[in-house]
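Novice: Return a 3D structure for these sequence lines:
(2 chains, ligands or ions: 1)
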Amino acid sequence: MRILGLGCHYHDASAALLIDGQIVAAVDEERFTRMKHDPSFPQQAVEYCLRQAGIGIDDLDAIAFYEKPLVKFERLLSQHAGHYPFTFGTFRKAMPSWITEKLRLRRLVKKKLGFEGEVFFLDHHLSHAAGAFYPSPFDEAAVLTVDGVGEWTTTALGMGRGTRLELTHEIRFPDSIGLLYSTVTAYLGFTVNNSEYKVMGLSAYGEKNRARNPYYLKMREVIDLKADGSFRLVRSYFDYEHAERMPSKKFCDLFGGPPRKPEEPVTRRHEDVAAAVQLVTEDAVFAMLRELHRITQCPNVVLSGGVALNSVMNGKILSETPFQNVWIQPNSGDGGSSMGAALFVYHALMGNPRSYRLENPFLGPGYTSQEVEAFLQERGIVYHRFPSREALLQDTARRIAENEIVGWFQGRAEWGPRALGARSILSNAGNPEMRDILNLKVKHREAFRPFAPSVCAEEAATYFECDTPLPPAADFMLMVYPVRPEWRDRLAAVTHVDGSGRLQAVQRAQHPLYYDLIRAVGEVTGVGVVINTSFNVRGEPIVATPEQAYRCMMGTAIDCLVLEEFLILRSENLRDAWDAEALAGD
Amino acid sequence: MQPNGPIRNLLRKLNNGLLVVLKPLQIVNNFLFLAVAYFVGVGISSLLYRMGPGKKMPASTASSSPSEAKSLKADASTDTTDTYWRKLPQVSRERNAWLRPF
Ligand SMILES: [Fe+2]
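Specialist: Numbers count the residues shown, from 1 in each chain, chains lettered A, B, ... in the order given. All right, here's what the predicted structure looks like:
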């Protein structure tokens, strides 16, 4: 049985291929089109999935689409009618793509893919829920989905048992925790549906004590939050229902001024507003989780939806709620829904038993040594081949210990927005200066954004005050925990201003080479932690090909690239140098 | 095929010229079509909803303040007065329902 899951037309288009109950390939379209969060039809992602499995489109038994487009269209029309006649501007912009593509999904699938079989249409939040529950390690789990908006639903509670999955409660648009967070993202001068994680990073600088944060109570004023986690947003503070801007004038007045312009400095007020929305998000989600536990009495919970990428919140789930185990899908935004859609059709609709566990997030494209070498030779790039795996590990560990910045391109690409040791830029976490060096030479990030540490799973508790046993979501860099006080100075490069770190716990079974590298670095430096940041030019998606990896190194100040078993030094290829920062985006 | 070169060139230029002339017309047409769809289609639906007894547009069922929210809670199918959760019907959908984009 072969089912292709598809998601597109909002943001993070993706495809995932399920064969006999196993996900064999999954990738976001942005990796191919090089457009961050690309919403367009995932043509290249589909082609990759089929190529990876060695099958053609006619070999598919069904396609599963991640939402019901007509229901979403109904919501849009309803919004326009509800705010008539003030929505003509947004109506005029939105309609052409609906008329030509989004409403004709079945036709589009036939035209673009040549597929004439059955196309299933799931509900958006059911796809999220399925993407969280079916690949989880749990036979039974309570399910929480929280995002900006699907068709109508913005938040849902549910329960999965075996192959059955049901959503039992929902909150509907325009009441949305995701849209509240995005409104603050826009208010703070960042890009909506892209830079919410910057608000999360900034929140660590603000006042986290609810009584002392000057904006916490104001943030509670814009949301009517019940003890059971259900909520409504107070409409007058938001314009997103009928305009392209998100915060209303009243919202701006409440928080002390107009939205920050991107080029303006970040002030204490912005930090406190970021902290306030983070606190309120946690208030709401933890209340929802407590209610979900009360209803289900299940010790396990899975989360999905864009809000489930909030790793600061995730790190507190087990301490703030009665749940004992938590799992979060590594691509828990809309990108992951293609996988959920395929799994739902296979298990819930076709009744097939579960056998898949998403323990290995490396589901994207990879390259053989022969392909890499052919590329290097074709381009006339100066390179070296490591004589052995051991030599690769020792040399790379030494370079990291000597504060070189290493581009690391190994195996198949990660599923989801985080670089997890397949397409990563690695550097020395034991050097407190490394954050500044990385920012100066490569990343050029806002100063308030921290870098993430990778650590061998067994050693996570040495460096972090983490849950024990460590939840599997920590494998996917989805949990933030406090760095142990005795390590904070030494690990300053990966310790956020509030003493926390967004760790990736690396399991040897998932990525043996990366695991062994971290161990080798530990043997040289005495600190078994490396800085792991995504391998990309600022504003671009994570690199997907050897060509892009090489280009990224030559456009930044990455010192060397370990590309499969090959070492490429920047200093030996300076003729290809260029300035990536000149083209960098947000 | 060389002899066809100048003719093909001419046709291509003609085509490009037509596109330059027609593109603004197409934009105007699209604009007019969308304007009619919006001001007539969406307008009438909006009017009908607003005139209906106690009807509110789904997108505007909520309130401008928490106190108003309380008075509108009956709009949602809540099982207690202190919640905004809407219970979802637990009916198993027939297979065909999943094949529909609505
Ligand atoms: Fe979503």
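
Novice: How about A:N431: what's its closest non-neighbour residue?
Specialist: Counting by Cβ to Cβ, 6 or more residues apart in numbering or on different chains, A:N403 is the residue found nearest to A:N431 once chain neighbours are left out, at 5.6 Å. From N, CA and C alone the C-beta is placed, and that goes for glycine too.

Novice: Go ahead and confirm that neighbour touches A:A429.
Specialist: No. Using Cβ atoms under 8 Å as the test, A:N403 is too far from A:A429 to be in contact (11.0 Å).

Novice: between these two, which one's more packed in?
Specialist: Using other Cβ atoms under 10 Å in any protein chain shown as the criterion, A:N403 and A:A429 rank with A:A429 on top: 32 against 15.

Novice: can you give me phi and psi for residue 26?
Specialist: Unless you meant another one, I'm taking chain A. Backbone torsions of A:A26, given as degrees, to the nearest 10, read phi -160, psi 140.

Novice: hm, I was asking about chain B
Specialist: According to degrees, to the nearest 10, B:Q26 has phi -60, psi -40.

Novice: That one and chain A, how far apart?
Specialist: Distance, B:Q26 to chain A, by Cβ to the nearest Cβ, to the nearest Å: 11 Å.

Novice: Number of residues surrounding that residue?
Specialist: Neighbours around B:Q26, by other Cβ under 10 Å: 10.

Novice: could you pull out the strands for the stretch 201-350 of chain A?
Specialist: For the stretch 201-350 of chain A, strands defined by DSSP state E, counting those that start in this stretch occupy the ranges A:223-225, A:231-233, A:300-304, A:325-328.

Novice: oh, I was asking about the stretch 1-150 of chain A
Specialist: Assigned by DSSP E, counting those that start in this stretch, the stretch 1-150 of chain A shows strands spanning A:2-7, A:14-19, A:22-28, A:62-65, A:118-121, A:140-146.

Novice: Dump those strands into JSON lines; add mean pLDDT and mean neighbour count as well.
Specialist: Shown next, in JSON lines, are the strands of the stretch 1-150 of chain A (pLDDT from 0 to 100; neighbours: other Cβ atoms under 10 Å in any protein chain shown):
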{"stretch": "strand A:2-7", "mean pLDDT": "97", "mean neighbour count": "29"}
{"stretch": "strand A:14-19", "mean pLDDT": "98", "mean neighbour count": "29"}
{"stretch": "strand A:22-28", "mean pLDDT": "97", "mean neighbour count": "24"}
{"stretch": "strand A:62-65", "mean pLDDT": "96", "mean neighbour count": "26"}
{"stretch": "strand A:118-121", "mean pLDDT": "96", "mean neighbour count": "20"}
{"stretch": "strand A:140-146", "mean pLDDT": "98", "mean neighbour count": "27"}
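
Novice: For A:G411, which of those strands is the nearest?
Specialist: Checking these against A:G411 by Cβ to Cβ gives strand A:22-28 as the closest, at 13.5 Å.

Novice: So for residue 84, what pLDDT did the model give?
Specialist: No chain in the question, so chain A it is. A:Y84 is assigned 79 on the pLDDT scale.

Novice: try chain B instead
Specialist: Note for B:Y84: predicted pLDDT of 96.

Novice: Angles on the backbone of the residue nearest to it when sequence neighbours are not counted, please.
Specialist: The shortest distance from B:Y84 to any non-neighbouring residue, by Cβ to Cβ, 6+ apart, is to A:S230 (3.7 Å). Torsion angles at A:S230 (phi, psi; degrees, to the nearest 10) stand at phi -70, psi 160.

Novice: what sits against A:S230?
Specialist: A:S230 makes contact with A:169, A:171, A:288, A:291, B:83-85, according to Cβ atoms under 8 Å, 6 or more residues apart in numbering or on different chains.

Novice: interface residues of chain A facing the ion?
Specialist: Chain A comes close to the ion at residues A:147, A:334, as judged by Cβ under 5 Å from the ion.

Novice: Would you map out the domains in chain A?
Specialist: Chain A breaks down by automatic domain parsing into domains covering A:2-129+A:330-349, A:177-328, A:369-583.

Novice: likewise chain B?
Specialist: With domains defined by automatic domain parsing, chain B comprises B:1-56, B:59-102.

Novice: Lowest average confidence across those domains, which one?
Specialist: Across the domains of chain B, domain B:59-102 has the smallest mean pLDDT, namely a mean of 63.

Novice: Show me where the stretch 101-250 of chain A has its helices.
Specialist: With helices called from DSSP state H, counting those that start in this stretch, the stretch 101-250 of chain A shows them at A:105-113, A:124-133, A:177-187, A:196-203, A:216-221, A:249-254.

Novice: Mean pLDDT added to these, as a markdown table?
Specialist: As requested, the helices of the stretch 101-250 of chain A are arranged in a markdown table below (pLDDT from 0 to 100):
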| stretch | mean pLDDT |
| --- | --- |
| helix A:105-113 | 89 |
| helix A:124-133 | 97 |
| helix A:177-187 | 97 |
| helix A:196-203 | 94 |
| helix A:216-221 | 97 |
| helix A:249-254 | 96 |
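
Novice: could I get those as CSV with distance to chain B and mean neighbour count?
Specialist: Listed next are the helices of the stretch 101-250 of chain A as CSV, based on distance: least, Cβ to the nearest Cβ, whole Å; neighbours: other Cβ atoms under 10 Å in any protein chain shown:
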stretch, distance to chain B, mean neighbour count
helix A:105-113, 6, 17
helix A:124-133, 10, 32
helix A:177-187, 12, 25
helix A:196-203, 23, 23
helix A:216-221, 8, 18
helix A:249-254, 9, 16
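
Novice: Contact residues of the stretch 301-450 of chain A facing chain B?
Specialist: With Cβ under 8 Å from any Cβ of the partner chain as the criterion, the stretch 301-450 of chain A meets chain B at residues A:345, A:349.

Novice: Which residue does the stretch 301-450 of chain A have closest to the ion?
Specialist: A:D334 (4.4 Å; Cβ to the ion).

Novice: Report the spatially nearest residue to that residue, omitting neighbours in sequence.
Specialist: Nearest non-adjacent residue to A:D334 (Cβ to Cβ, 6+ apart): A:D12, at 4.5 Å.

Novice: again, but for A:S40
Specialist: Residue nearest to A:S40 in three dimensions, not counting chain neighbours: A:A13, with 5.9 Å by Cβ to Cβ, 6+ apart.

Novice: A:F32 is in contact with the one you found, correct?
Specialist: No. Using Cβ under 8 Å, A:A13 makes no contact with A:F32, being 10.2 Å away.

Novice: Name the residue in those two with the higher neighbour count.
Specialist: Comparing A:A13 with A:F32 by other Cβ under 10 Å, the one with more neighbours is A:A13, at 27 against 19.

Novice: What pLDDT is listed against the closest residue to A:L569 other than its chain neighbours?
Specialist: Distances taken as Cβ to Cβ, 6+ apart place A:C560 nearest to A:L569, at 5.0 Å, with adjacent residues excluded. Note for A:C560: predicted pLDDT of 97.

Novice: From the opening residue of stretch A:453-466 to its closing one, how far?
Specialist: Taking Cα to Cα, to the nearest Å, stretch A:453-466 runs 14 Å from one end to the other.

Novice: nope, stretch A:547-567 is what I was after
Specialist: With Cα to Cα, one end of stretch A:547-567 sits 14 Å from the other.

Novice: Tell me how far it lies from the chain's centre.
Specialist: 23 Å (Cα atoms, centre = their mean, to the nearest Å).

Novice: got the helices of the stretch 101-250 of chain A as a markdown table, with distance to A:V266 columns?
Specialist: Below are the helices of the stretch 101-250 of chain A laid out as a markdown table (distance: least, Cβ to Cβ, whole Å):
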| stretch | distance to A:V266 |
| --- | --- |
| helix A:105-113 | 41 |
| helix A:124-133 | 32 |
| helix A:177-187 | 12 |
| helix A:196-203 | 7 |
| helix A:216-221 | 18 |
| helix A:249-254 | 17 |
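
Novice: No more questions from me, cheers.
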